[in-house]
Structures are given as C-alpha cells and as structure tokens.
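Novice: Predicted model follows, preceded by the sequence.
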Amino acid sequence: MLGFVRTDNEALVSCLGDPRRTTTAYRELLRRGENAVHAIRAGLRDRNPAVREGCCRLLDHLVDTESMGELVTMADDSDARVRIAAFHALACDRCKGDTCAPGPDQVLEPALHHLAADPDPHVRAMAAELVGKFARSDASAAAALQKSHVNDPSPAVRKKAGWLARRAVAGSSTRR
C-alpha cells in the first residue's frame, strides 16, 4: 500500500506531495470520505503545491458547505495547478453527489477576475467554465465570456468562452 499498514489522515494528506505515493494516498483519502475532510481542509495550507492541488481535487468529491469558502480562497493560490483544481472543484457538479454547488454570490466575482486576468490560460479556461454556469442568469457573466471569446490571447480559452457564451444565449432563448 503506502509502505505501512495503517496511517492517520494527516499523514495521508502529506503523501499527496510524494509522486510515488500520491495516487494511493488520494484513493485512500477518498475512500475514507467525510472522516478525512478535516485533514484535507488543513492540507489546503500545506507548503507543497502538490498537496494543496490534491486536497482541492479531493474536495471536488468530498466537498461540504464548510469547504466552499476555502476552495474559493484556493482560486487565488500562487500555483496555477492549485487554481485549476480549485476552479474545477467549484465548477463541477458531476463530482459532487448530493452537495449543492456554490452560488454566484460566492464564486462569480473570483471567477470573473481570473477569467479576465489570470496569467495561466488553463486557469482562465477553468474560470470560464465556472462563469459559464451563471451566464444565462447574469449579464456580467455572459459579457465576460463574450469578451474573453474575442480578446483572450489563448485560442483554447477563446474557443471555450465562445462555446459557453453561445450555450448561454441558446439556453436563455429556449426559456422564453
């Protein structure tokens, strides 16, 4: 397994930063579920960005309402991989089970900021997905996607933003 039979959750979280142990630690923490959430949340403050990224990915599946604010904070992490994982966790409803995704009051402002100004195109693409969730109901989200579609320096981000902007327009016209 990890080289030892039993371990505590904090030790497993620290193993997320070890390339040889990360997969097994991730699976074990996921299996432990809500019993490991406290240690996973604490791992969001680890010095190692690989640990912080792994914790964001775990919270994508194990998120509870108390973790949402911490994931929003991780969207401003210094490491792009952590920001990508945080935005994915905030945007992805498929991974959440029966937990409600955060509303626009919690996540739209940081997503708009990163869509417009993050230096990493992968982060901007993930921010676009989160902005896209609200584009049908929020004019600023729809406008930001359109602006990104036209002006983003990355062709991949322009493509994703355009697709999300068109989907928002198509969705709003079918509701009428």
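Specialist: Arrived safely.

Novice: Name the residues of the lowest-mean-pLDDT helix or strand in the chain that come out as buried.
Specialist: Counting by mean pLDDT, DSSP states H and E, the chain has its least confident helix or strand at helix 155-174, which shows a mean of 86. For helix 155-174, a neighbour-count test (16 or more other CB atoms under 10 Å) marks 157, 158, 160, 161, 162, 164, 165, 168 as buried. Backbone N, C-alpha and C define where each C-beta goes, glycine included.

Novice: That helix - contacts with which helices or strands?
Specialist: Applying 3 or more CB pairs under 8 Å, 6 or more residues apart in numbering; DSSP states H and E, we find helix 155-174 packed against helix 121-132, helix 139-151.

Novice: Can you say which of the ones you listed is packed in most?
Specialist: helix 121-132 (a mean of 25; mean count of other CB atoms under 10 Å).

Novice: and it with helix 155-174, angle?
Specialist: Computed by axes from the mean of the first three to the mean of the last three CA atoms, to 10 degrees, the angle separating helix 121-132 from helix 155-174 equals 10 degrees.

Novice: Convert the C-alpha atoms of helix 121-132 to CSV, please.
Specialist: Taking C-alpha atoms only, helix 121-132 is exported to CSV below (Å, rounded to 0.1, in the frame of the first residue of the first chain):
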residue,chain,number,x,y,z
PRO,A,121,-4.5,30.0,-19.9
HIS,A,122,-5.6,26.8,-18.2
VAL,A,123,-6.8,28.7,-15.2
ARG,A,124,-8.7,31.1,-17.4
ALA,A,125,-10.3,28.1,-19.1
MET,A,126,-11.4,26.7,-15.8
ALA,A,127,-12.7,30.1,-14.7
ALA,A,128,-14.6,30.3,-17.9
GLU,A,129,-16.4,27.1,-17.0
LEU,A,130,-17.4,28.5,-13.7
VAL,A,131,-18.5,31.8,-15.2
GLY,A,132,-20.5,29.8,-17.8
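
Novice: I'm done for today, thanks for sticking with me.
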